[in-house]
Every structure is written in structure tokens, then in C-alpha cells.
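Asks: no FASTA, just this:
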């Protein structure tokens, strides 16, 4: 078996991520990187590590760093597992809402 790379692309930015991870029967680590566009926002190389003897349960990774991201990259060893992903997405003002507000302002201004 070989290591894996996972890439998650979000359609809207998020400011929170959590997931569970483990690698049964062997020690190892995960690397997690978060990007906003092509800009690296958070990097945790080898931060998520565990020992199969003492860490028999799933562990949880959580990022709540305050910066938004729209791409998640995860690297892990063979036989690694992740599950239960949670994101907190940040709403972006709709272009329609902005256009509608501008038109409303112009109509009100024209009547005066």
C-alpha cells in the first residue's frame, strides 16, 4: 500500500474544519494544509500523530484559526482513515443582492 493525498475543494469559504482520523495497527501521522485560493492559510506537517498501542480510538483534528479557506489538503500513510468532516462555511453576499440594492438606490435617487 502507498500513502494517500486527499484534496477537498469548497464552493464557499469556511472558517472551521474538524474531522476524525486513525491508522489501525501502525503508528503514523497526517499532514494537513488549508488554502485560500493559492495562499497557504494553515499548515500542520506531521502534527497529527498517534501510537497504535496507546491510541486505540479515533482522534479529532479541529481548525478554528479565524482565517477562511476554500481548499483542504491531507496527506497520510497507507491504511489511514478519516471520517466525520465538519465545516463552518462563511456566507458570501450574493451578487444579486448587491445589484438589487444598487438598483433600489438608483430608483429612489431618481424619484427625488
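Replies: Received the coordinates, thanks. Quantities reported herein were computed from a predicted structural model and do not represent experimental measurements.
Asks: where does the chain have low pLDDT?
Replies: Residue ranges of the chain with pLDDT under 70: 1-2, 23-28, 47-56, 78, 93-100, 102-106, 109-112.
Asks: where do the strands sit along it?
Replies: 4-22, 28-36, 39-50, 59-63, 69-76, 81-89 (DSSP state E).
Asks: residue 108: which of those is closest?
Replies: strand 4-22 (31.0 Å; CB to CB). (Glycine included, C-beta is placed from N, CA and C.)
Asks: partner strands of the closest one and their direction?
Replies: strand 59-63 (antiparallel), strand 69-76 (antiparallel), strand 81-89 (antiparallel) (DSSP bridges).
Asks: could you list the buried residues of that strand?
Replies: 8, 13-17, 19, 21-22 (16 or more other CB atoms under 10 Å).
Asks: residue 43 bridge partners, please.
Replies: residue 33.
Asks: repeat for residue 21
Replies: What pairs with residue 21, by the bridge criterion (DSSP bridges), is residue 59, residue 82.
Asks: that one and residue 80 touch, don't they?
Replies: Yes. In this structure, residue 21 is within contact of residue 80 by CB atoms under 8 Å, at 7.0 Å.
Asks: shared neighbours, these two?
Replies: Shared contacts of residue 21 and residue 80, defined by CB atoms under 8 Å, 6 or more residues apart in numbering, are found at residue 30.
Asks: most neighbours per residue, which of the strands paired with strand 4-22?
Replies: strand 69-76 (a mean of 19; mean count of other CB atoms under 10 Å).
Asks: what sits up against that strand?
Replies: Contacts of strand 69-76 (CB under 8 Å, 6+ apart): 3-15, 17, 21, 23, 28-37, 41-42, 82.
Asks: so which of the strands paired with strand 4-22 is nearest residue 101?
Replies: strand 81-89 (22.5 Å).
Asks: ok, residue 3 to residue 82 distance?
Replies: In this view, residue 3 and residue 82 are 13 Å apart by CB to CB, to the nearest Å.
Asks: and what of residue 39?
Replies: For residue 39 relative to residue 82 (CB to CB), the value is 24 Å.
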